[in-house]
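Novice: One predicted model, sequence on top.
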Amino acid sequence: MDPIRAAVVGATGTVGQRFIQLLSDHPWFEVTDLAASERSAGKTYAEATQWAIDAPMPDGVGAMTVKDAGADPDADVVFSAIPGGLAGPMERDYAARGLKVFSNARDNRRADGIPLVITEVNPEHFDMLEERKTDGYVVTNGNCSGIVATLPMHPLHEAFGIEAAHVVTMQALSGAGWPGVPSMQITDNLVPFIGGEEDKVETEPLHVLGRYSGNGKVTPAAFRISATCTRVPVLEGHSMALHLKLKGSPSTDDVVKTLSAYRGKTAGLGLPSAPERPVVYTDMADRPQPRRDRDAGKGMSVTVGRVRADPLMTVKCFVSGSNTIRGAAGQSVLNAEYLIKKGLL
Ligand SMILES: NC(=O)c1ccc[n+]([C@@H]2O[C@H](COP(=O)([O-])OP(=O)(O)OC[C@H]3O[C@@H](n4cnc5c(N)ncnc54)[C@H](OP(=O)(O)O)[C@@H]3O)[C@@H](O)[C@H]2O)c1
């Protein structure tokens, strides 16, 4: 097939750079347009961007001219890395112009008629796109920690039923965007507060694990999550202690077997960004660790270890995954690939 023309909006930022990296050698997409704020508009991408990915900037991108995000994208698809608070109307406006928009911002998540999807978990929620009245649409990703937490929850909720969840996150600096958290605040330290984050982690997984009930609405999963979110001096990879109360009190062995067998709803579809194992189980005593495990499945797998019985709940474990790939850009690209297979893109 001819490559699908993709614009990256917010291209100069942390998530935007991941989009550039993931799309540069993608078999189905070609980056035809880049946009950011008026600060960057008119500059070349190389001039406008503090490239912060360890791999080199892909060939050819540096010479492209960055447009103002308000201009018409020269593309069919928009991969959006626009800040929350600005993204809502801008992304809806792109969709009204007939573009298919893949969003990472909080603004349009959980709005009626706008799917919030982790591809392996709830692709049925894409059915709401069949009911739309325009060519364009917006598809959203969950919050980065919410995505990392939801992937191991999914097989356990399907197999046993989750009755309650408690999570304490240790979130990487790249999750705060560029330039991120001031060095004087985070060096030799952690910050036990990330504005707005706990509400997202307590609500978005329930939406993703919920059922599409028609007319653009989702009935959330019927359990509660309690979250504490912290920022730690790690560059990339969100980690978390996850404690779950499961129906029927399954054994730790049963939980490990369920996590290990999980392949999710992308299995067998041949999607380029789908990892063979969305959840990787490790029995190493001191893993997962963000520096060592964030690249699992090219950044698309979440690693779970330290699975053990919990004296208060049923089971507890430690989870880690890439916030900019699985938690953002890679998740958007995987959703787009799924919609190509479904004929909706
Ligand atoms: N970082 C993560 O791990 C992560 C994970 C999940 C979701 N997200 C979400 O993804 C989005 C992007 O986050 P980020 O971490 O990449 O932020 P970032 O590093 O601060 O980048 C923000 C991008 O948005 C552009 N921008 C700023 N103001 C704009 C405006 N008025 N109009 C158009 N573009 C504008 C910036 O362009 P200039 O360079 O021109 O200023 C830059 O390209 C946010 O909604 C965030 O919540 C981030």
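Specialist: Structure's in. What do you need?
Novice: Count the neighbours of the closest residue to the ligand within the stretch 101-250 of the chain for me.
Specialist: Nearest to the ligand, among the residues of the stretch 101-250 of the chain, is residue 177, at 2.9 Å (C-beta to the nearest ligand atom). In short, each C-beta sits where N, CA and C put it, glycine included. Residues lying near residue 177 (other C-beta atoms under 10 Å) number 16.
Novice: Spatially, what comes nearest to it if we skip its sequence neighbours?
Specialist: residue 14 (5.1 Å; C-beta to C-beta, 6 or more residues apart in numbering).
Novice: phi, psi of the one you found?
Specialist: phi -60, psi -50 (degrees, to the nearest 10).
Novice: just residue 80 next, same as before
Specialist: Dihedral angles (degrees, to the nearest 10) for residue 80: phi -110, psi 130.
Novice: Touching, it and residue 87? I think so.
Specialist: Yes - contact criterion C-beta atoms under 8 Å: residue 80 and residue 87 qualify, at 6.3 Å.
Novice: Mutual contacts of those two, please.
Specialist: Common neighbours of residue 80 and residue 87, using C-beta atoms under 8 Å, 6 or more residues apart in numbering, are 103-105.
Novice: Same drill for residue 80 and residue 87, tell me which one is more crowded.
Specialist: Set side by side, residue 80 and residue 87 show more neighbours around residue 80, with 31 against 24, by other C-beta under 10 Å.
Novice: Who does the more buried one form a beta bridge with?
Specialist: With DSSP bridges as the criterion, residue 80 is bridged to residue 9, residue 103.
Novice: Enumerate every residue touching residue 166.
Specialist: Applying C-beta under 8 Å, 6+ apart to residue 166 gives the contacts 225-227, 242-244, 313.
Novice: Now do it, the pLDDT please.
Specialist: If you check residue 166, the pLDDT there is 98.
Novice: right, is the strand or helix carrying it up against the ligand?
Specialist: Secondary structure assignment for residue 166, by DSSP states H and E: strand 162-171. No - on the criterion C-beta under 6 Å from any ligand atom, strand 162-171 is out of touch with the ligand, staying 8.5 Å away.
Novice: Show me which residues of this structure sit near the ligand.
Specialist: Residues of the chain lying near the ligand (C-beta under 6 Å from any ligand atom): 10-16, 36-37, 39-40, 69, 81-84, 86-87, 104-105, 144, 174-175, 177-178, 323-324, 327-328.
Novice: Give me the subset of the residues you listed lying in strands.
Specialist: Judged by DSSP state E, strands contain the following of these: residue 36.
Novice: which among the residues of the chain next to the ligand end up buried?
Specialist: 10-16, 36-37, 40, 69, 81-82, 87, 104-105, 144, 174-175, 177, 323-324, 327-328 (16 or more other C-beta atoms under 10 Å).
Novice: What residues does the closest residue to the ligand within the stretch 1-150 of the chain make contact with?
Specialist: Using C-beta to the nearest ligand atom, residue 13 is the residue of the stretch 1-150 of the chain that sits closest to the ligand, at 1.9 Å. Counting by C-beta under 8 Å, 6+ apart, residue 13 touches 36, 81, 83, 177-178.
Novice: ok, it to residue 33 distance?
Specialist: The gap separating residue 13 from residue 33 is 16 Å, by C-beta to C-beta, to the nearest Å.
Novice: One more: residue 15?
Specialist: Counting by C-beta to C-beta - residue 15 and residue 33 are separated by 16 Å.
Novice: what's the answer for residue 296, then?
Specialist: 32 Å.
Novice: Could you do residue 213 as well?
Specialist: Taking C-beta to C-beta, one finds residue 213 at 37 Å from residue 33.
Novice: Show me where the stretch 201-345 of the chain has its strands.
Specialist: For the stretch 201-345 of the chain, the strands defined by DSSP state E, counting those that start in this stretch cover 211-212, 218-219, 224-231, 238-246, 279-281, 302-309, 315-321.
Novice: Which of those sits closest to residue 345?
Specialist: strand 211-212 (18.8 Å; C-beta to C-beta).
Novice: Do me a favour and average the pLDDT over that closest one.
Specialist: Averaging pLDDT along strand 211-212 yields 98.
Novice: who does that strand touch, helix- and strand-wise?
Specialist: strand 218-219 (3 or more C-beta pairs under 8 Å, 6 or more residues apart in numbering; DSSP states H and E).
Novice: strands paired with the strand it packs on, and their directions?
Specialist: Here, using DSSP bridges, strand 218-219 pairs with strand 211-212 (antiparallel).
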